[in-house]
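Any chance you could fold what I've pasted below:
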Amino acid sequence: MSDGFVWTKLGKVFDPVDHPGRDWMASFAQAPATLIRDDHVRVYFSTRPAPDANGQFKSYSAWVDLDRRNLTRVIRVADAPVLELGETGTFDEFGTYPFSAVDTDEGVLACYAGWTRCESVPFDVAIGAALSTDGGTRFEKLGSGPIIGLSPDEPFVMSGPKLRRFGDVYYLFYIAGTKWLMHAGRAEPVYRIRMAWSEDGRTWHKHGAHLIDTAVEEDEAQASPDVHFHDGRYHMFFCYRYSTDYRGHARGYRIGYAHSDDMITWHRDDALAGMHPSDEGWDSEMVSYPHVFSVDGITYMAYLGNGVGREGFGLARLEARP
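You can find the predicted model right below:
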């Protein structure tokens with residue numbers, strides 16, 4: 001490969017502030033993930049109400065339907081979150097984010113990350129599963145606990161699930177925390193991309209190793225491992241950042257790229273990704289949480305801009321591949 005992917009940005013497509021009247025959706029539209037339907041594209045995202053009196057957020061997952069003939073046009077927005085938050089003490093008591101879904105013979109199967117709050121660090125995350133039998137409008141959890149547990153080499157922050165089905169096998173790409181760094185009075189998580197597979201979408205087998213090498217520093221944090229298959233090869237777009245001081249332009253999220261023939265050995269080449277922050281506007285500080293999908297012969301990337309989705313998500317159209 002030599003020349004990279006070429007994308008044309010279509011602008012910000014969805015911002016919660018443009019759709020008032022939902023107190024659970026005051027800001028943020030994070031981690032877009034799609035299902036393709038006959039006349040629309042359903043985009044799941046995670047959003048937040050205003051913070052509570054202590055400045056603490058919750059997160060809910062929901063959807064917006066985009067016109068299949070014009071993906072920059074919003075035609076419907078969910079009236080309620082797709083999932084209830086968990087009971088007291090469960091792993092998803094305080095939030096669901098991110099959320100990823102695929103169609104199955106039983107309904108729409110989803111994996112999601114559930115938040116809980118901690119004392120020595122601000123949060124922990126685990127991955128749960130849910131099923132929809134109404135086409136993806138509302139989901140019921142498969143249980144009150146996570147589907148993938150912690151382990152000696154994955155001790156915390158199991159998050160960022162991206163659910164895929166290639167052939168008869170389900171694949172779950174996710175992130176696992178490696179350390180918490182204390183910096184400037186804050187606990188900052190470091191995480192790396194991992195993978196598991198399943199024959200039934202319920203029982204998962206972990207690969208048990210990092211998939212993507214680090215690039216900007218040893219403690220680089222990686223997220224949103226989004227994999228698609230094209231022309232006999234697996235392609236992964238993901239995002240990465242420095243471990244500290246990453247909330248601005250200089251050390252904030254960027255979108256990376258890797259390819260693989262077997263989903264085990266990945267070759268990272270971020271220079272091919274082709275998606276960068278704009279000179280100004282809603283995605284001028286960072287770009288992150290890519291999701292690549294194809295509709296009617298055209299491939300798109302949904303992605304987040306400044307503040308990791310604080311102002312919503314946007315789209316880009318693929319013009320050329322390497």
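
got the residue ranges for the strands in the stretch 101-250 of the chain?
107-117, 123-132, 140-141, 158-166, 169-183, 186-198, 205-206, 221-230, 233-241 (DSSP state E, counting those that start in this stretch).

out of everything not next to it in sequence, what's closest to residue 103?
residue 35 (6.7 Å; CB to CB, 6 or more residues apart in numbering). From N, CA and C alone the C-beta is placed, and that goes for glycine too.

Please spell out which residues along the strand or helix carrying the one you found are buried.
Assignment of secondary structure by DSSP states H and E places residue 35 within strand 27-36. For strand 27-36, the neighbour count (16 or more other CB atoms under 10 Å) marks 27-35 as buried.

Beyond that strand, next helix or strand please.
With secondary structure assigned by DSSP H and E, strand 27-36 is succeeded by strand 40-48.

and that next one, which strands flank it?
Paired strands of strand 40-48, with direction, are strand 27-36 (antiparallel), strand 60-67 (antiparallel) (DSSP bridges).

in the protein, what spans have low per-residue confidence?
Scanning the chain for pLDDT under 70 picks out 1-2.

For stretch 304-322, measure first residue to last.
23 Å (CA to CA, to the nearest Å).

list the buried ones in that stretch?
For stretch 304-322, by 16+ other CB under 10 Å, it's 304-316, 318.

Counting only strands, which of those make the cut?
Per DSSP state E, strands hold the following members of those: 304, 313-316, 318.

on that earlier part again, residue 272: which of the buried residues of stretch 304-322 is nearest?
residue 318 (12.4 Å; CB to CB).

What residues are bridge-paired with that closest one?
Residues in beta-bridge contact with residue 318 (DSSP bridges): residue 7.

Next up, the contacts around it.
5-7, 292, 298-301 (CB atoms under 8 Å, 6 or more residues apart in numbering).

Alpha carbons of the strand holding residue 35, as PDB, please.
C-alpha atoms of strand 27-36 as PDB (Å, rounded to 0.1, in the frame of the first residue of the first chain):
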ATOM      1  CA  SER A  27     -25.300  16.800  25.200                       C
ATOM      2  CA  PHE A  28     -22.900  14.300  23.700                       C
ATOM      3  CA  ALA A  29     -23.600  11.800  20.900                       C
ATOM      4  CA  GLN A  30     -20.700   9.400  21.300                       C
ATOM      5  CA  ALA A  31     -19.500   6.200  19.600                       C
ATOM      6  CA  PRO A  32     -21.800   6.100  16.500                       C
ATOM      7  CA  ALA A  33     -22.700   2.600  15.200                       C
ATOM      8  CA  THR A  34     -25.100   1.700  12.500                       C
ATOM      9  CA  LEU A  35     -27.700  -0.800  11.300                       C
ATOM     10  CA  ILE A  36     -28.800  -0.500   7.600                       C
END
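
starting at the chain centroid, how far to stretch 248-262?
13 Å (CA atoms, centre = their mean, to the nearest Å).

so how far is the first residue of it from its last?
OK, stretch 248-262 end separation, CA to CA: 35 Å.

ok, and for that stretch, which residues are buried?
Result for stretch 248-262 [16+ other CB under 10 Å]: buried residues 251-260.

hang on, the earlier thing: for residue 14, find the nearest of the strands of the stretch 101-250 of the chain.
That would be strand 221-230 among these, by CB to CB, at 17.2 Å.

who does that closest one touch, helix- and strand-wise?
The helices and strands touching strand 221-230, judged by 3 or more CB pairs under 8 Å, 6 or more residues apart in numbering; DSSP states H and E, are strand 158-166, strand 169-183, strand 186-198, strand 233-241, strand 288-295.

Save these as TSV, and put in distance to residue 41 too.
Shown next, in TSV, are the helices and strands packed on strand 221-230 (distance: least, CB to CB, whole Å):
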stretch	distance to residue 41
strand 158-166	17
strand 169-183	21
strand 186-198	25
strand 233-241	18
strand 288-295	6
